[in-house]
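> This is the structure alone, sequence omitted:
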């Protein structure tokens, strides 16, 4: 019998139903977590660098983590929203190569799932402020994580089950061209886990290959076969993803972020950051500062 394991889990941050108006006009929004919307009244608009979608009743929308988007509402709109973090055993997001906004038509079960998630997780809205400069901070994430830790087992499992169901709606071949990969060898999975846990250390390919007891060239080819990327490129992307998270959620300086993400100096950090994201850390930070909720 072929055994298939689930490599992705989700952690609830916020869920709520809100009434929005013209003040809901946010530019260059980017967050380290996913957003799910269900519109039950009125309309608005959402866009990323390549797509503009109408927010309208009868549809679900997902915004993967670290996806730039603009959000607007000209008049009024009723919105169920869910914000959640993703974790994966291999460090690869379900939307790693598809960080775009997606839209699907709702089903009766989808609506029931939104209502039920809110019912079993009361008081999980954005209660302090609508300004991400205030609520998008590590201290608040930790507070919401503690709320998850306080859930009884039934609520915890049901919450994660609902999130999995809703995310699955965007993973059909018609919506997301998802390349199925075969089972990742344990040695490659261990290397990926080691990278994720030690981004602040010196992560040479030679060291990773030695840990896997493999020749460097063979290890590099095998790593690319199962991740789609060479080890150095993968490490750079994970370090910059972590740097983006720190820039959004903390007040750390660029040298501090460079040190935390394993770069030997700020100049090399800036060079790799621009290569991966297409913009300098300073311009990326300006994009974040433009956000107004």
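Great, that's in hand. Worth saying up front: this structure is predicted, and the values here are computed from it rather than measured.
> Tell me how far the closest residue to residue 9 other than its chain neighbours lies from residue 273.
Spatial nearest neighbour of residue 9, excluding adjacent residues (C-beta to C-beta, 6 or more residues apart in numbering): residue 87 at 5.1 Å. All C-beta spots, glycine's among them, are computed from the backbone N, C-alpha and C. Here the distance between residue 87 and residue 273 works out to 24 Å (C-beta to C-beta, to the nearest Å).
> quick one on the thing from earlier: okay, the residue nearest to residue 9: pLDDT?
If you check residue 87, the pLDDT there is 80.
> ok, the most centrally placed residue in the chain - contacts?
Nearest residue to the geometric centre of the chain (C-alpha atoms, centre = their mean): residue 65, 2.6 Å. Residues in contact with residue 65 (C-beta atoms under 8 Å, 6 or more residues apart in numbering) are 31-34, 85-86, 93, 95, 99.
> re the thing from before, and the residue nearest to residue 9, helix, strand or coil?
Secondary structure assignment for residue 87 (DSSP: H, G, I helix; E, B strand; the rest coil): strand.
> so what's it up against?
Residue 87 sits in contact with 8-11, where contact means C-beta under 8 Å, 6+ apart.
> now the longest helix along the chain, how far from the chain's geometric center?
Secondary structure of the chain per DSSP state H: the longest helix is helix 231-249. Distance of helix 231-249 from the chain centroid (C-alpha atoms, centre = their mean, to the nearest Å) equals 12 Å.
> Quick one: the helices in the stretch 101-250 of the chain, in order.
All helices of the stretch 101-250 of the chain, identified by DSSP state H, counting those that start in this stretch, fall at 108-120, 132-135, 138-150, 153-168, 186-197, 205-211, 216-227, 231-249.
> got these as TSV, with distance to residue 42 columns?
Conversion of these to TSV gives the following (distance: least, C-beta to C-beta, whole Å):
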stretch	distance to residue 42
helix 108-120	16
helix 132-135	23
helix 138-150	28
helix 153-168	21
helix 186-197	41
helix 205-211	52
helix 216-227	42
helix 231-249	29
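> Let me have those helices in a markdown table, extended by mean neighbour count and mean pLDDT.
Below are these laid out as a markdown table (neighbours: other C-beta atoms under 10 Å; pLDDT from 0 to 100):
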| stretch | mean neighbour count | mean pLDDT |
| --- | --- | --- |
| helix 108-120 | 15 | 96 |
| helix 132-135 | 16 | 46 |
| helix 138-150 | 12 | 67 |
| helix 153-168 | 15 | 93 |
| helix 186-197 | 17 | 80 |
| helix 205-211 | 16 | 92 |
| helix 216-227 | 17 | 90 |
| helix 231-249 | 20 | 85 |
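> No further questions, thank you.
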